[in-house]
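>>> Predicted coordinates and the sequence they were generated for:
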Amino acid sequence: MWFFSTPRKIIFGEDALEALQEIQAKHALLITDKHLINANLHQPLITLLEAQGISYTIYDAITHEPDIPTAQKGAELAEQHQADLLIALGGGSVIDCAKAIWILYENPDMNVEEVFPEDPLPLRNKATLITIPTTSGTGSDANWAIVIKEPESGQKLSVAHRDLIPDIDIVDPQFTQNLPPRLTAATAFDALTHAIEAYTVEWKNDFSDGLAIHAIQLILTNLPKIHTNPSDQEAREHLHNAATIAGISFGNSQIGGAHAFAHALGAVYNLPHSELVGLILPHMMNYCKQNPETAQRYADLAYHNHLSDNNNPESADALISHLQHLLTTLNLPTKLSDYNITKEHLIEHIEDLQAFILSDTGALANPQELDEENIDKLLNQLL
């Protein structure tokens, strides 16, 4: 038995933000980061809240590596103002932290790390959650997962519960219009990795497969268009939709080894998640194609995206080669040494890296089993 879960309502396309005119609330906690505030991206939302007579408090302390204490402070702020609406405006870090704030606000005696998918998780007694992604990559706006750092160990925890799916997801491409090229490309590769892993992990299924296939097609078609013409608004809208579609897909399947490695490396070396998953993806696919079923699935994707004239298993290499070429074309990092990570750095932190990877849900569902020996080999390949 399996389940398929999505937000109660997804509002997408041009002017999707106008749906806030239908929202009824007394006080909103707007959860975001300082970069978005400085860029004034929050102002259209504020204008709509004020027009509705909804008071608000802004919590902009979220960083690119949010941790549990940051979420605790947000929950305290929500309690102080008796917020009945939480709005997450930002990328994956903001949305993940907003979910953690929601947990702690609704359940003050609970620790985030105690959340377990099969246990009850009381929510929506105090507030509802609206997500508004500002990058085309997170997927967190449409699924039930959280990645958040535990400060004592430094590990990125993967927490999930079906009740954590946002109530309303507003996928408005206006927030991506002025994204820098590198951030556009990196976050799109995160979404692409979500979809490819959702399509190949152990927990893949008929429902997640269809979404993954379409998300991959949308990304591979529209990301190059945006790289050539950053003002192509139609391509940006398709890419923004693709990120949410990929999020629904892996939210009903699972992430894989590329994300497990990215979570570990990001935690140890404080590196940007979306760039890491793109860097790792081709290497992880080369490793996973040892599994015949996975190789066939890669080959099918290559064929249906016109990267190969057949879907024989060896066509898997056509997809992997295309992704490597795309990373280079988009000027994204392709090896850890681009971040000045050396073999000595890996040796210094190898025990933590191994432990973090093996305990990650992505490693659990990866189509090719990961162990300490193969983790070491893959890490060295990334250099």
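Good, I have the coordinates. Residues are numbered from 1 along each chain as shown.
>>> Now do residue 6 against residue 193, distance only.
Residue 6 sits 20 Å away from residue 193, going by CB to CB, to the nearest Å. All C-beta atoms are positioned from the backbone trio N, CA, C, and that covers glycine.
>>> Need the per-residue pLDDT for the residue most central in space within the chain.
Residue closest to the mean C-alpha point of the chain, counted by CA atoms, centre = their mean, is residue 138 at 3.0 Å. Residue 138 is assigned 91 on the pLDDT scale.
>>> let's number from 32 now, not from 1
I'll keep to 32 as the first residue from here, and by that count the last item is residue 169.
>>> any residues touching stretch 378-398, and which ones?
Applying CB atoms under 8 Å, 6 or more residues apart in numbering, the external contacts of stretch 378-398 come out as 185-187, 189, 191, 228, 231-234, 284-292, 294-296, 298-300, 315, 319, 322, 324-325, 377, 401-403, 406-407, 410.
>>> From the chain's centre, how far out is it? Work that out for me.
How far stretch 378-398 lies from its chain's middle: 18 Å, per CA atoms, centre = their mean, to the nearest Å.
>>> Just the buried positions in that stretch, please.
Along stretch 378-398, these residues count as buried under the neighbour rule (16 or more other CB atoms under 10 Å): 380, 384-385, 387-388, 391-398.
>>> Restricted to helices, list those.
If you go by DSSP state H, the buried residues of stretch 378-398 have 380, 384-385, 387-388, 392-396 in helices.
>>> Just the helices from the chain, written as ranges.
For the chain, the helices defined by DSSP H occupy 65-69, 74-82, 99-112, 123-137, 212-231, 237-259, 264-282, 288-300, 304-319, 323-335, 347-360, 374-389, 392-396, 403-412.
>>> would a markdown table of these with distance to residue 173 and mean pLDDT be doable?
Below are those laid out as a markdown table (distance: least, CB to CB, whole Å; pLDDT from 0 to 100):
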| stretch | distance to residue 173 | mean pLDDT |
| --- | --- | --- |
| helix 65-69 | 20 | 95 |
| helix 74-82 | 19 | 96 |
| helix 99-112 | 20 | 97 |
| helix 123-137 | 10 | 96 |
| helix 212-231 | 10 | 97 |
| helix 237-259 | 10 | 98 |
| helix 264-282 | 4 | 97 |
| helix 288-300 | 16 | 96 |
| helix 304-319 | 17 | 97 |
| helix 323-335 | 21 | 97 |
| helix 347-360 | 23 | 98 |
| helix 374-389 | 26 | 96 |
| helix 392-396 | 17 | 94 |
| helix 403-412 | 29 | 97 |
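>>> burial of the closest residue to residue 114 other than its chain neighbours, as a residue count?
Excluding the flanking residues, the one nearest residue 114 by CB to CB, 6 or more residues apart in numbering is residue 60, at 4.1 Å. Residue crowding around residue 60 was assessed by other CB atoms under 10 Å; the count is 27.
>>> which residues sit in contact with residue 293?
Counting by CB under 8 Å, 6+ apart, residue 293 has contacts 304, 307-308, 311.
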